[in-house]
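> Predicted model, plus sequence, below.
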Amino acid sequence: MKYRRLGKTGLSVSVVGFGAWQFGGEWGKRFTQQEVDRLLGRASELGINLIDTAECYGDHLSESLIGRAVEKERESWIIATKFGHKFHSNFERTDHWSPQEVAQQLEASLKALRTDYIDLYQFHSGSDAAFDRSELWEMLNQQVEAGKIRYLGISVSSKGENLHQTRQATQVGASSIQVVYNRLDRIPEQNVLPMCRKQDLGVLARVPLASGFLSGKYKPGLEFTNRDDIRSLHDKVEVQRRLELVQEIRQTEVPEGVAMAAWALAWCLQHPAVTCVIPGCKTVEQVESNASAADLDLVRDDHPQAVI
């Protein structure tokens, strides 16, 4: 495993992290505590030290599973979670951005995670109006001073570029940006990633496998029919377009003998702004495949500044 500095936090994070949205039950599978213990145990053995979750991945369900799994080795992990939403049922959430509501969410997350501090607490895909509430950031920075939060971050929405939130990150006390970035979703290269480099913000690349499309295991013609899988809600025409594009990428860009999932993660990591990718996983084999991306040397001809 390789490690990079997460912006101004100074935290040394594994370049491959562990995305935990799937533990909330919205990716077609329900996880037992034993399964989560096994997945995170193997991730730790492979040198992965960052877990990304959220209060609305289930009603603190993902956090609770993680909390029980890592309780005995809490200091070995960098735990990133998020705030701003209330889970009601699969794919149904409501927004809650007042300082009082977020303070309650923080306490609930601390309880679920079985910890007295959160390493990275992230504003979760909120509007600019919610983001611009100065009293919210005042409360959050007070929680930093109290030791309940080590660092603040922003997980920007996948809709649009969110330049305002990225531009104002340092001003509100945030040290990192989480953004959708992968071989199929490259819009952040235009403005968001350069802004992050200018401010020395850590960058967590979420959905680096494009919701599994870049895993290489799905072929054109496939339809997602499991109603508990968020991909069943995606536009069917767009799904087929992506599946066909992935097939083309596999034939023209992925080196022979290289697993496509590992290649896709390494591709993201070659951008000089990206600190860490946070793919999800459902099996130990997928954890191992994800971790292998750290040792994969690639050259991206499209980006002359690429480094790994």
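Structure received.
> From here on, just use CA atoms for contacts and neighbour counts.
Fine.
> Number of residues surrounding residue 75?
Counted with other CA atoms under 10 Å, residues neighbouring residue 75 total 11.
> That one and residue 117, how far apart?
Distance, residue 75 to residue 117, by CA to CA, to the nearest Å: 10 Å.
> ditto for residue 31
Residue 31 is 25 Å from residue 117, by CA to CA.
> now do residue 239
With CA to CA as the criterion, residue 239 and residue 117 are 40 Å apart.
> Name the nearest residue to the residue positioned nearest the centre of the chain, sequence neighbours excluded.
The centroid of the chain falls nearest to residue 206 when counting by CA atoms, centre = their mean (3.8 Å). Using CA to CA, 6 or more residues apart in numbering and skipping the chain neighbours, the partner closest in space to residue 206 is residue 180 (4.9 Å).
> OK, contacts around that neighbour?
158, 188, 205, 206, 207, 208 (CA atoms under 8 Å, 6 or more residues apart in numbering).
> quick one: which of those is most hemmed in?
Counting neighbours by other CA under 10 Å, residue 208 leads the contacts of residue 180 with 30 neighbours.
> Can you read off the backbone torsions of residue 133?
In this entry, residue 133 is assigned phi and psi values of phi -80, psi 100 (degrees, to the nearest 10).
> Tell me how far it lies from residue 152.
Counting by CA to CA, the gap from residue 133 to residue 152 is 15 Å.
> same deal with residue 60?
Distance from residue 60 to residue 152, by CA to CA: 19 Å.
> Name the helix or strand of this structure that has the lowest mean pLDDT.
Least confident helix or strand, the chain: helix 236-252 with a mean of 83, by mean pLDDT, DSSP states H and E.
> for the next helix or strand after that one, packing partners?
As assigned by DSSP states H and E, the chain's next helix or strand after helix 236-252 is helix 260-269. Helix 260-269 is packed against strand 276-278, helix 284-292, with contacts defined by 3 or more CA pairs under 8 Å, 6 or more residues apart in numbering; DSSP states H and E.
> now these as TSV including mean neighbour count, distance to residue 25 and mean pLDDT?
Output for those, formatted as TSV (neighbours: other CA atoms under 10 Å; distance: least, CA to CA, whole Å; pLDDT from 0 to 100):
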stretch	mean neighbour count	distance to residue 25	mean pLDDT
strand 276-278	28	18	98
helix 284-292	20	18	96
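> Helices of the stretch 1-150 of the chain, start to end?
33-45, 61-70, 99-113, 128-131, 134-146 (DSSP state H, counting those that start in this stretch).
> just those helices: most buried one?
Looking across these with neighbours counted as mean count of other CA atoms under 10 Å, the highest average goes to helix 61-70: a mean of 23.
> now could you export just the CA positions of that one as CSV?
The C-alpha trace of helix 61-70 is given here as CSV (Å, rounded to 0.1, in the frame of the first residue of the first chain):
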residue,chain,number,x,y,z
LEU,A,61,-26.6,1.4,9.9
SER,A,62,-23.3,1.6,8.0
GLU,A,63,-21.7,3.5,10.8
SER,A,64,-23.0,1.0,13.4
LEU,A,65,-21.6,-1.9,11.5
ILE,A,66,-18.2,-0.1,11.1
GLY,A,67,-18.2,1.0,14.8
ARG,A,68,-18.5,-2.6,16.0
ALA,A,69,-15.9,-3.9,13.5
VAL,A,70,-13.2,-1.4,14.4
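> where does this structure have low pLDDT?
159-161, 218-235, 299-308 (pLDDT under 70).
> Go again with 80.
Within the chain, the stretches with pLDDT under 80 are 26-28, 158-162, 211-212, 216-240, 297-308.
> For residue 155, give me phi and psi.
Taking degrees, to the nearest 10 as the convention, residue 155 sits at phi -100, psi 100.
> beta partners of the nearest residue to it once chain neighbours are set aside?
In this structure, residue 155 finds its nearest non-sequential neighbour in residue 178, 4.3 Å apart by CA to CA, 6+ apart. For residue 178, the beta-bridge partners are residue 155, residue 204 (DSSP bridges).
> List the residues that contact residue 178.
Contacts of residue 178 by CA under 8 Å, 6+ apart are 153, 154, 155, 156, 203, 204, 205, 206.
> okay if I get those as CSV plus distance to residue 9?
Listed next are the contacts of residue 178 as CSV, based on distance: CA to CA, whole Å:
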residue, distance to residue 9
153, 10
154, 13
155, 16
156, 18
203, 11
204, 13
205, 17
206, 19
